[in-house]
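>>> the sequence isn't on hand, but the structure is:
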């Protein structure tokens, strides 16, 4: 069930009304049933997958918590079950192709396995939540004994498909609190949902038309063109994914629950490390806690760089079973390692303190944005070969100005100027709105002002929405 679909537009109000009309003891079962209905709306058979993993991880979590002699073995058993499930559904064909290619010189062409695997929606996200749970219980956190509460943790429909990745010690305690309806929270939730739809339907979906025209036919475009398409994709994926996160947080707010923020203006980051503290924040925290730190905290600069490279390469593989995602992840790891070395070098070179000045900060932001845009070109490419050809064009700039650019601009008049004018204005507006919200509560504004703001967003959505709204980009991950 898509957040930007009519089904969800009908589903969410029904759940909200039933939730607040029900006594506290019925609310967790109600949300659990609603969450399973939400997931089953896509492919009912795969509902058994999330239920099965829930039962297994609930049982293993209790075994880890209560065990003394074999705590570590139970924990690794739980991690293995989760990773094996993820590997089968997400990476079976990927590793099969690698194995067939490796064996071909000795055994000739080997037939593919007679299996038909469809990737379950959201599996990467709820598997990561399960791993987080069993590892934290192993580290000393108290296991969740109430099965209904535990089952709702990964299944909670606002975050079920594409996050944010929740921490059970933050989410589960909220389920125990007997909530009362709050108009301020309801208003805030509605504004988040409207803002998310605005980002997704108006901005990301319109940008997708422009981006797709370039990345589907990169051979007919020039280097300048591909820079423009990569730049447009930066904003498309940001508005698409942060729009999803806004709708997820808003939907949770309507029910009185808080889930973590996933974005904090990443394109204003002054370094690649800062970028990863602002972009897909909950994934970055997960990678740090369950891959980077377990690889070993070290004073060795070489080993620290190695750990960054391993962590981010695995992050790339997590995004998809394709080599261009792995390359993108390795590229991010390399950037982080270079940044770490530069930061150490800067400590002993005071002349680099100019980076702390306003011009230096602007330079740092532009440089970070440029290197992340190069990575996004690899990320968006259809495969590795296409990605490398796009990078070749971007760096060798085979033409200064392209007639194709003019043609695309003529076909998509709203999209082209938005790259240079509308999007920076929107980002600046978001910064101002965020600062305003930190000082003035939404419920303190006049109701007419709030209603007018919501009405304007709704009218803009109706007026400028494309004919078809594709599903969110991160649904495929």
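Happy to help now that I have it. Source: prediction; values computed, not measured. Residues are numbered from 1 along each chain as shown.
>>> my read is that residue 96 contacts residue 112, right?
Yes. Using CB atoms under 8 Å, residue 96 is in contact with residue 112, at 6.6 Å. To be clear about C-beta, it is placed using only N, CA and C from the backbone, and glycine gets the same treatment.
>>> more neighbours: these two, which one.
More crowded of residue 96 and residue 112, by other CB atoms under 10 Å: residue 96, with 14 against 9.
>>> okay, that one and residue 291: tell me how far apart.
For residue 96, the distance to residue 291 equals 25 Å [CB to CB, to the nearest Å].
>>> and the host helix or strand of residue 7, what does it pack against?
Here residue 7, judged by DSSP states H and E, is contained in helix 6-21. When contacts are defined as 3 or more CB pairs under 8 Å, 6 or more residues apart in numbering; DSSP states H and E, helix 6-21 sits against helix 24-40, helix 223-254.
>>> neighbouring contacts of the helix or strand that comes right after the first one?
I take that to be helix 24-40. Downstream of helix 24-40, the first helix or strand assigned by DSSP H and E is helix 47-66. Contact with helix 47-66 is made by 36, 39-40, 71, 74-75, 77-78, 81-82, 85, 120, 123, 126-127, 130, 133-134, 137-138, 142-145, 147, 150-151, 154-155, as judged by CB atoms under 8 Å, 6 or more residues apart in numbering.
>>> list only buried entries from those.
Taking 16 or more other CB atoms under 10 Å as the criterion, what is buried in these is 36, 39, 74-75, 77-78, 81-82, 85, 120, 123, 126-127, 130, 133-134, 137-138, 143-144, 150-151, 154-155.
>>> of those, which belong to helices?
36, 39, 74-75, 77-78, 81-82, 85, 123, 126-127, 130, 133-134, 137-138, 150-151, 154-155 (DSSP state H).
>>> distance-wise, check residue 5 relative to residue 87.
Counting by CB to CB, the gap from residue 5 to residue 87 is 30 Å.
>>> which helix or strand contains the residue lying closest to residue 267 once chain neighbours are set aside?
Excluding the flanking residues, the one nearest residue 267 by CB to CB, 6 or more residues apart in numbering is residue 369, at 5.7 Å. Using DSSP H and E, the element containing residue 369 is helix 358-380.
>>> what comes up buried for that helix?
Result for helix 358-380 [16+ other CB under 10 Å]: buried residues 364-365, 368-369, 371-380.
>>> closest one of these to residue 206?
Nearest to residue 206 among the buried residues of helix 358-380 is residue 380, at 16.4 Å by CB to CB.
>>> was I right to think the closest one contacts residue 234?
No. Contact criterion CB under 8 Å: residue 380 and residue 234 do not qualify, at 9.5 Å.
>>> rewinding a little: most neighbours per residue, which of the helices and strands packed on helix 6-21?
Most buried of these, by mean neighbour count (mean count of other CB atoms under 10 Å): helix 223-254, with a mean of 24.
>>> in the helix or strand following it, what counts as buried?
Sequence-wise, the next helix or strand downstream of helix 223-254 (DSSP H and E) is helix 272-276. Buried residues in helix 272-276, counted by 16+ other CB under 10 Å: 272-276.
>>> now those residues in CSV, with pLDDT?
Formatted as CSV, the buried residues of helix 272-276 follow (pLDDT from 0 to 100):
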residue, pLDDT
272, 96
273, 95
274, 95
275, 96
276, 95
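>>> residues touching residue 115, list them.
Contacts of residue 115 (CB under 8 Å, 6+ apart): residue 92.
>>> with adjacent residues omitted, what lies nearest to the residue most central in space within the chain?
Most central in the chain under CA atoms, centre = their mean is residue 280, positioned 5.0 Å from the mean C-alpha point. Here the nearest residue to residue 280 in space, its sequence neighbours aside, is residue 262; by CB to CB, 6+ apart that works out to 6.0 Å.
>>> show me which parts of stretch 3-14 are buried, residue by residue.
In stretch 3-14, counting by 16+ other CB under 10 Å, buried: 3-4, 8, 11-12.
>>> sorry, slip of the keys, the one I care about is stretch 88-97.
By neighbour count on 16+ other CB under 10 Å, the buried set for stretch 88-97 is 89-91, 94.
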